[in-house]
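Asker: Below are the sequence and a predicted model; questions follow.
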Amino acid sequence: MIRNFIFDIDGTLLDSNDFHARAWQEAFAAYGKSISLKKLRLCMGKGADHLLPSFLAKNEIKEIGKELDKLSGQIFKRKYLAKVRPFPKVRQLFKKIRHSGARIALASSGSASEVKKYEKIACVQDLVEHSTSADDADKSKPSPDIFRAALKLLGHPKHDSVLVVGDSPFDAAAAKKAKIKTIGVLCGGFSKKMLKAHGCRAVYEDPADLLRNLEAILKKEHSSK
């Protein structure tokens, strides 16, 4: 059975991907870069180290990358953080997982301080055993560093007892590199086809759908969904 869950946060537990994309768009615009929201939306789930090369040349990243990343974070906190809400049934899902005897870790490409704020927004801070962030990794998703850090905090459990839950293809790709299984959720805005193509063994609608199917998920009976 699955005894350890590693959850992504943005787009998986919290309805925040659109807000992050808007913050990035505004930050790019401040530096004279017009980037479509659609293109940015497809990069949500990546950290800045992987997102910036999609839109800037190497010399531009060197010149303005750190400042642009910082500005994006500032815009998000100032304009959008207060608007972020959890998807329905997140707390109920976590309570049922913990009641089953399984453990929960969070793994985000955001900073450690952001992860703590997100735990409070989702009302799960008392149900999460460990949290990892970009501060614990040399590279963000789709690199496997953050998930490997989560595995370390969980005490290096057997990989067949661990399940990653994420909303983006970058979660799936990172988990695959870390040699752990992934299931996806559609509430982050990525398609079922894309999630499965990058390694998700099953795809569900959202946390409420995970809650409805948790018994089968715990028993790993999710390969055909």
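Answerer: Everything's here; your move.
Asker: can you pull out the helices in this protein?
Answerer: Defined through DSSP state H, the helices belonging to the chain, from first to last, are 17-30, 37-41, 48-51, 58-75, 90-99, 112-122, 145-153, 169-177, 192-197, 207-212, 214-218.
Asker: which of the ones you listed is buried the deepest?
Answerer: Each of the helices of the chain was given a mean neighbour count from mean count of other Cβ atoms under 10 Å, and the largest, a mean of 25, is that of helix 169-177. C-beta coordinates here come from the backbone N, C-alpha and C atoms, glycine included.
Asker: angle of that one against helix 145-153?
Answerer: For helix 169-177 against helix 145-153, the angle by axes from the mean of the first three to the mean of the last three Cα atoms, to 10 degrees is 50 degrees.
Asker: packing partners for helix 169-177?
Answerer: Under the contact definition 3 or more Cβ pairs under 8 Å, 6 or more residues apart in numbering; DSSP states H and E, helix 169-177 sits against helix 145-153, strand 162-166, strand 181-185, helix 192-197.
Asker: Now do it: distance to the chain's middle.
Answerer: With Cα atoms, centre = their mean, to the nearest Å as the basis, the distance from the averaged C-alpha position of helix 169-177 to the chain average is 10 Å.
Asker: Would you mind listing the residues in contact with residue 72?
Answerer: 20, 23-24, 26-27, 48 (Cβ atoms under 8 Å, 6 or more residues apart in numbering).
Asker: Which two of those have the greatest separation?
Answerer: The largest distance within these, taken as Cβ to Cβ, falls between 26 and 48 and amounts to 14.8 Å.
Asker: Hmm, residue 127 is touching residue 98, no?
Answerer: Yes. Distance between residue 127 and residue 98: 5.4 Å, which falls inside the contact criterion (Cβ atoms under 8 Å).
Asker: what is in contact with these two at once?
Answerer: The contact lists of residue 127 and residue 98 share residue 104, where a contact means Cβ under 8 Å, 6+ apart.
Asker: Wait, residue 164 touches residue 170, no?
Answerer: No. Residue 164 lies out of contact with residue 170 (Cβ under 8 Å); the separation is 11.3 Å.
Asker: Identify the residues contacting residue 110.
Answerer: With contact taken as Cβ under 8 Å, 6+ apart, residue 110 is in contact with 9-10, 118, 133-134.
Asker: Just the closest of these to residue 196, please.
Answerer: The nearest one, if we look at the contacts of residue 110 relative to residue 196 and count by Cβ to Cβ, is residue 10, at 20.4 Å.
Asker: Next one: the closest one from residue 167, what distance?
Answerer: 8 Å (Cβ to Cβ, to the nearest Å).
Asker: now do residue 69
Answerer: Using Cβ to Cβ, we find residue 69 at a distance of 21 Å from residue 167.
Asker: swap in residue 210?
Answerer: Taking Cβ to Cβ as the measure, residue 210 and residue 167 are separated by 12 Å.
Asker: Can you work out which residues contact both of the two?
Answerer: With contacts defined as Cβ under 8 Å, 6+ apart, the residues adjacent to both residue 210 and residue 167 are residue 185.
Asker: For residue 1, which non-adjacent residue is spatially closest?
Answerer: By the measure of Cβ to Cβ, 6 or more residues apart in numbering, the closest residue to residue 1 outside its immediate chain neighbours is residue 218, 5.3 Å from it.
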